[in-house]
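In: Build me a structure from this.
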Amino acid sequence: MILDRINDHKRKQVAEDKKRMPLEQLKEMIEDTGKRKAFSKAIKTGGKISIIAEVKQASPSRGIIKKDFDPLDIAAAYDKSDVQAISVLTETDFFLGDKVYIPLVKENTNKPVLRKDFIIDEYQVYEAKALGADAILLIAASLTDDELVLLMNTAESLGIEVLLEVHDAEELERALRTDAEIIGINNRDLKTFVTDIKTTERLIGMIPKDRIVISESGIETKEDLDYLKGLGVDGVLIGETFMRADSIEEKVKEIRGIE
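Out: Numbers count the residues shown, from 1 in each chain. I've put the predicted structure just below:
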C-alpha cells in the first residue's frame, strides 16, 4: 500500500536527518514563543466555513499537479484571498514538497501555516517548530495510540496545534479518545487513494460539537462547500483544485460564490 511505502521511506529519511542534525542541536534552534492558538482561532470564524488552502506540487495518484510551481507566488495569492490558513506539503519524494517552503510561505503571509507531512517521529514535530509552523498534520492511520499521544504531547509542549486526520469510523474512534481539538476527515482513502466526499457525511455525526471538524480532499465547487457547511463542517482543506486553476484568487472567489 502507498501509505506503508511512504511511512517506511519517511522512517529512513528521519534517521538520516537525525544524523545530519541531532535532536539536541535542533532544539537549540527553537525560540520559546509561548503557546499559541493561531491555527484554530483562524478556522473558528463563526458563520462562514473556513478554507485551509494548500501549497502542493504533486501527489502519488495525480503526478505533477502544478507545473509552474512557485511557493512564493502561491502564498502571495492565498494571502490576498478569502482563505483562513495555508497548508504546506513538505514531503519530498512522493509529493515533491520541501521543508524550506514553510519559512518561505511564512515570509509572505500572516496567515497560520500547517505543516502537512507524514509525521511519525517527535523529531519532525521539533523540526516543524523550528521551521515556523503553527500546526502539524498527524495521520491516525500511520500511528499507534501511544505514538499519537507522544506526538500530540510534544506538539502541545511546543505551542503547535494538531490537525488529527482520520478516514474511517475506527480511526475516528481512536482520535476521539485523544484530546485533539481539530479532527480532519480525509475523503481520500490513503490506502487506496479513492476519494468520496460522502465520507465526511458518514463520520461527522460521531464527532462531539466541541471539536473543530475539517473536511479534506475532493472539494472542487461552491456546491461542495455548501454541502459540507450544511453538514456542520467548520473548515475545508483544498489543494489540487487551487493548484490546477489558472488564477488561484479567481478560483477562491468562485468556490466562495463571490461575483
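
In: Could you tell me which strands sit next to the helix or strand where Ile214 lies in the sheet, and their orientation?
Out: In the assignment (DSSP states H and E), Ile214 maps to strand 212-216. In its sheet, strand 212-216 lies beside strand 182-186 (parallel), strand 235-238 (parallel), with partners assigned from DSSP bridges.

In: for the chain, what spans make up the strands?
Out: Residue ranges of the strands in the chain, as given by DSSP state E, are 50-55, 58-59, 63-64, 85-89, 113-116, 135-139, 161-166, 182-186, 212-216, 235-238.

In: Average pLDDT for the strand holding Ile214, rounded please.
Out: Taken as a whole, strand 212-216 has an average pLDDT of 98.

In: how about JSON lines for the strands of the chain, with distance to Leu3 and mean neighbour count added?
Out: C-beta here means a position set from N, CA and C on the backbone, and glycine is covered the same way. Formatted as JSON lines, the entries for the strands of the chain read as follows, by distance: least, Cβ to Cβ, whole Å; neighbours: other Cβ atoms under 10 Å:
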{"stretch": "strand 50-55", "distance to Leu3": "19", "mean neighbour count": "26"}
{"stretch": "strand 58-59", "distance to Leu3": "13", "mean neighbour count": "20"}
{"stretch": "strand 63-64", "distance to Leu3": "18", "mean neighbour count": "10"}
{"stretch": "strand 85-89", "distance to Leu3": "15", "mean neighbour count": "26"}
{"stretch": "strand 113-116", "distance to Leu3": "14", "mean neighbour count": "27"}
{"stretch": "strand 135-139", "distance to Leu3": "8", "mean neighbour count": "26"}
{"stretch": "strand 161-166", "distance to Leu3": "12", "mean neighbour count": "26"}
{"stretch": "strand 182-186", "distance to Leu3": "11", "mean neighbour count": "26"}
{"stretch": "strand 212-216", "distance to Leu3": "15", "mean neighbour count": "25"}
{"stretch": "strand 235-238", "distance to Leu3": "18", "mean neighbour count": "26"}
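
In: Which of those strands sits closest to Pro71?
Out: strand 50-55 (5.2 Å; Cβ to Cβ).

In: circling back to that earlier point, with respect to Leu172, which of the strands paired with strand 212-216 lies nearest?
Out: Distance to Leu172, taken as Cβ to Cβ, is lowest for strand 182-186 among the strands paired with strand 212-216, at 7.3 Å.

In: What average pLDDT does that closest one get?
Out: The average of the pLDDT scores along strand 182-186 is 98.
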